[in-house]
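> Provided below for reference: sequence and predicted model.
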Amino acid sequence: MSPTTLPVGPEQGHVTFLGAGPGDPGLLTLRAVEALTNADVLVAGHEVLDVVRVHARSGVAVVNTDMESSSAPVPGTGAPQLTVVDGTSTTAPVPAVRDAAHLVMEAARGGRRVVRAVSGDPGLDAYAAEEMLACARAGVPFEVVPGVAAAVGVPAYAGVPLRDAQGADVRFVDARTASDRCWTEVGVSDGTVVVSTTLDSVGAAAGELVAAGRKPDTPMTVTVAGTTTRQRTWTATLGTIAQTLKQAKVLPSPEGGRPVIAVVGERSAAAQRDQLSWFENKPLFGWKVLVPRTKEQAASLSDQLRSYGAVPHEVPTIAVEPPRTPQQMERAVKGLVTGRYEWIAFTSVNAVKAVREKFEEYGLDARAFAGIKVAAVGEQTAKALIAFGVKPDLVPSGEQSAAGLLEDWPPYDPVFDPIDRVFLPRADIATETLVAGLIELGWEVDDVTAYRTVRASPPPAETREAIKGGGFDAVLFTSSSTVRNLVGIAGKPHNVTVIACIGPATAKTAEEHGLRVDVMAPEPSVHKLAEALADFGLKRRAAAVEAGDPVTRPSERRPGARRRRSTT
C-alpha cells in the first residue's frame, strides 16, 4: 500500500495507552479490543502491531514507531506531515513529529481517538510513562488499559510458577537498567528473581547474581519469544546457564539482542518444569501446518490448530465462482417461495452461501424457508444455516457425509408428504451419491449447480518453496480436489512433511500423487482430522522423550531421499 500523507487538524481528541501483553494475541483484554475497534489512529512498534492491528477497524491510520517518519510541511499550510505506513482514511490526519510523545498528542489534538500500544503493560514501560506525562501537561485527555506484563505472563507460559505454598518473595529486575545496589538487594534475598534481559546478556546477569551472593547451583530458566509459538525455554543453574545456551547454539547469535525472561530461585519450580510446561508441550507446538482450503472454510480449522500450538498457514486451492448459467438457480429459489419443494438439502457451507446470496439479491431472508424441511450434511454446514437464521431439521447422526445423510433421510410417503420434490443446491463437481440415494427413497430431485469450484491462483513464491523444500511440518488434505489442486498450483510437499487426509478417497488420491499418508481422520470431519494430527504429534513427542531424543518438528529433519509412496 502506498504511503498516505495526512495534515494536522485543530480538534481535541483522546489517547488510550494500551498494554498489548507479551506476545500472544489471546492475552489482549476485552477493554483493549474495544479500544482498538474504535481507534482512528494506531501508534505502535512493529512487533506490537502484529498483535493489535487485527482488531483495528478498516481505514485506521497505522503509524509504526520503528520507522522514520518524514517531516516536510503540507504544501500551502506550513503544517508538518507524516508518512503513514498503513491506513486509507484521509479523514484521520496524523502530524509528523519524530518524538513519539508529540506524535501521540498532535494526533489527539486533531480530534482523533488515538491508541498508543506498547508491549506488556504501560505501567512498566518507561517511554509510555513519559508520553502520559506529556499528555497531562498539554491537557490531552488519556486513559490507560493495563496489559499482561512479560515478567508475569512469560513464566506462566513457560510452566514456572513464581510463588509456592510458602509464599516466597518475588523480585523483578530489568538487567538493562539495574544498578549495583539493585543486584546486591536481590542477591542477599532467598526469594524468586524475575530478570528481564537480552539473550546475549543472560550470562552476565547470572554472573551479577552470583557476585551478589546467590549460589551458583541456584536453578534458573530462560525463555525467549515467550507466549508465542516461537517460545523456547532452557533450564539450568546460575553457574551453567551460559554453557547450556552455548551447547544449544543460541548464544552467541545474530539475534542475541532478543528480549528474554529469566527466572531464578530455589522455589521457582524450575525443577518441576517438565510437569508444568503446558504451553511448549502442546501436541503440535510450533508446527507450521498448511491448510489448503478456501479462506472461509479454513477459519474454524485454523482456530482448532492454534489451540494445539500449531501455526496454520492458509493457502486457498479452490476458488468459488457463480454458475455459468444462473437461470436454473433462479428458478429453484423462486420455487422455494412458491411451495415447489418439501425439502432443501445443503451439502456444504458454500451451498448455504450461494443460496443466501441469491436470497439477498431478491430481497428475501430466512423467512422464505417457512414450511420447508431443511437438511445439512454436517455440523459446519448446520452452523452456517443457523447464522443465516435457519435451524436444520436433519443433520446426520452418524457419518457427516452424503452417505450419512441418506442413512437418516426418511423415504417419501405420499400420505404424510404433500410434495415429493427435493431442492439440492451444490457444486458443479459434486458426486451423484446423494441424488441416486434420494431417488431410491422415492423423492424427485432438482439437482441444481449453485456454484462452481475452480483451481485457485498459485500462492506466493516463498510459500511454494516452503511446500517443496520442507518448510511445512504438516499439510491437511480435506478432499481429493485439494490434493490435485495443491500439487497443481504449488508442487508436491516435501518428503519430511506429515500428510494428513480426511478419508480413504482423499488418501488414495494423495498416494496416486506419490505421497505417503501418515494420518487419517477416523471419520470424514475436518475437526476429527485436526484431532488425529494432534494425536500423531503427541505420540511423536512421547516417543522422542522416551528415547531420550530432543523433541523436534518434522521440518527440522531433512533426510535426503524423497518420500516414497506407502505400499501398505
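Now that the structure is in, tell me what you want to look at.

> Next, the buried residues of the single longest helix found in the chain.
For the chain, the helix that runs over the most residues, judged by DSSP state H, is helix 526-547. For helix 526-547, the neighbour count (16 or more other C-beta atoms under 10 Å) marks 526-534, 536-537, 540-541 as buried. Backbone N, C-alpha and C define where each C-beta goes, glycine included.

> Can I get stretch 147-161 in PDB, CA atoms only?
Listed next in PDB are the C-alpha coordinates belonging to stretch 147-161 (Å, rounded to 0.1, in the frame of the first residue of the first chain):
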ATOM      1  CA  GLY A 147      -1.900  -5.500  29.800                       C
ATOM      2  CA  VAL A 148      -0.200  -8.700  30.900                       C
ATOM      3  CA  ALA A 149       3.400  -7.900  31.800                       C
ATOM      4  CA  ALA A 150       6.000 -10.000  30.200                       C
ATOM      5  CA  ALA A 151       7.700 -10.700  33.500                       C
ATOM      6  CA  VAL A 152       4.500 -12.400  34.700                       C
ATOM      7  CA  GLY A 153       3.000 -13.800  31.500                       C
ATOM      8  CA  VAL A 154       6.100 -15.400  30.100                       C
ATOM      9  CA  PRO A 155       6.900 -17.500  33.200                       C
ATOM     10  CA  ALA A 156       3.300 -18.700  33.300                       C
ATOM     11  CA  TYR A 157       3.600 -19.900  29.700                       C
ATOM     12  CA  ALA A 158       7.000 -21.500  30.400                       C
ATOM     13  CA  GLY A 159       5.500 -23.500  33.300                       C
ATOM     14  CA  VAL A 160       7.400 -21.700  36.000                       C
ATOM     15  CA  PRO A 161       5.200 -20.500  38.900                       C
END
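
> Which strands border the longest strand along the chain, and is each parallel or antiparallel?
Longest among the strand segments of the chain by residue count, using DSSP state E, is strand 444-455. Note on strand 444-455: by DSSP bridges, its sheet partners are strand 318-321 (antiparallel), strand 421-427 (parallel).

> Using CSV, list the CA coordinates for it.
What follows is strand 444-455, C-alpha atoms only, in CSV (Å, rounded to 0.1, in the frame of the first residue of the first chain):
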residue,chain,number,x,y,z
GLU,A,444,-37.8,-36.3,-7.1
VAL,A,445,-34.7,-34.3,-7.0
ASP,A,446,-33.9,-30.9,-8.6
ASP,A,447,-30.1,-31.2,-8.8
VAL,A,448,-29.0,-27.5,-9.2
THR,A,449,-25.5,-26.2,-9.8
ALA,A,450,-25.4,-23.4,-7.2
TYR,A,451,-21.6,-22.6,-7.6
ARG,A,452,-18.5,-23.7,-9.5
THR,A,453,-15.2,-24.7,-7.9
VAL,A,454,-12.1,-23.7,-9.9
ARG,A,455,-8.5,-24.0,-9.2
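
> which strands and helices sit next to the following helix or strand past it?
Using DSSP states H and E, the helix or strand that follows strand 444-455 in sequence is helix 461-469. Counting by 3 or more C-beta pairs under 8 Å, 6 or more residues apart in numbering; DSSP states H and E, the packing neighbours recorded for helix 461-469 are helix 480-490.

> List of residues touching the helix it packs on?
Contacting residues not belonging to helix 480-490 are listed as 290, 292-293, 315, 317-318, 429, 453, 455-459, 463-464, 467-468, 475, 477, 493, 501, 505-506, 508-510, 513, 515 [C-beta atoms under 8 Å, 6 or more residues apart in numbering].

> ok so, going back, give me the mean pLDDT for the longest strand of the chain.
Strand 444-455 shows a mean pLDDT of 89.

> That one vs helix 480-490, what angle?
20 degrees (axes from the mean of the first three to the mean of the last three C-alpha atoms, to 10 degrees).

> Could you give me the buried positions within strand 444-455?
Result for strand 444-455 [16+ other C-beta under 10 Å]: buried residues 445, 446, 447, 448, 449, 450, 451, 452, 453.

> Over to stretch 426-442?
Taking 16+ other C-beta under 10 Å as the neighbour-count basis, stretch 426-442 is seen to contain the buried residues 426, 427, 430, 434, 435, 437, 438.

> Out of these, which comes closest to residue 102?
residue 427 (56.6 Å; C-beta to C-beta).

> Just to check, that closest one is in contact with residue 348?
Yes: with contacts counted by C-beta atoms under 8 Å, residue 427 reaches residue 348, the gap being 6.9 Å.

> coming back round to it: show me the buried residues of stretch 426-442 that map onto helices.
Using DSSP H, the buried residues of stretch 426-442 in helices are 434, 435, 437, 438.

> export the residues you listed to CSV and tack on pLDDT?
Below are these laid out as CSV (pLDDT from 0 to 100):
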residue, pLDDT
434, 90
435, 92
437, 93
438, 93
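
> which strands and helices sit next to whichever strand or helix holds residue 406?
Assigned by DSSP H and E, residue 406 belongs to helix 402-408. The contact analysis (3+ C-beta pairs under 8 Å, 6+ apart) places helix 402-408 against helix 433-440.

> what's the angle between the helix it packs on and strand 421-427?
170 degrees.

> Which strands and helices lie in contact with helix 433-440?
Going by 3+ C-beta pairs under 8 Å, 6+ apart, helix 433-440 lies up against helix 402-408, strand 421-427, strand 444-455.

> contact partners of that helix?
Here helix 433-440 has contacts from 345, 347, 402, 403, 405, 406, 409, 422, 424, 445, 447, using C-beta under 8 Å, 6+ apart.

> From those, pick the one nearest residue 13.
Of these, the one sitting nearest to residue 13 (C-beta to C-beta) turns out to be residue 347, at 51.1 Å.

> Wait, that closest one touches residue 377, no?
Yes: assessed by C-beta under 8 Å, residue 347 is found in contact with residue 377 at 4.5 Å.

> list the residues that contact both of the two?
With C-beta under 8 Å, 6+ apart, residue 347 and residue 377 have common neighbours 402, 405.
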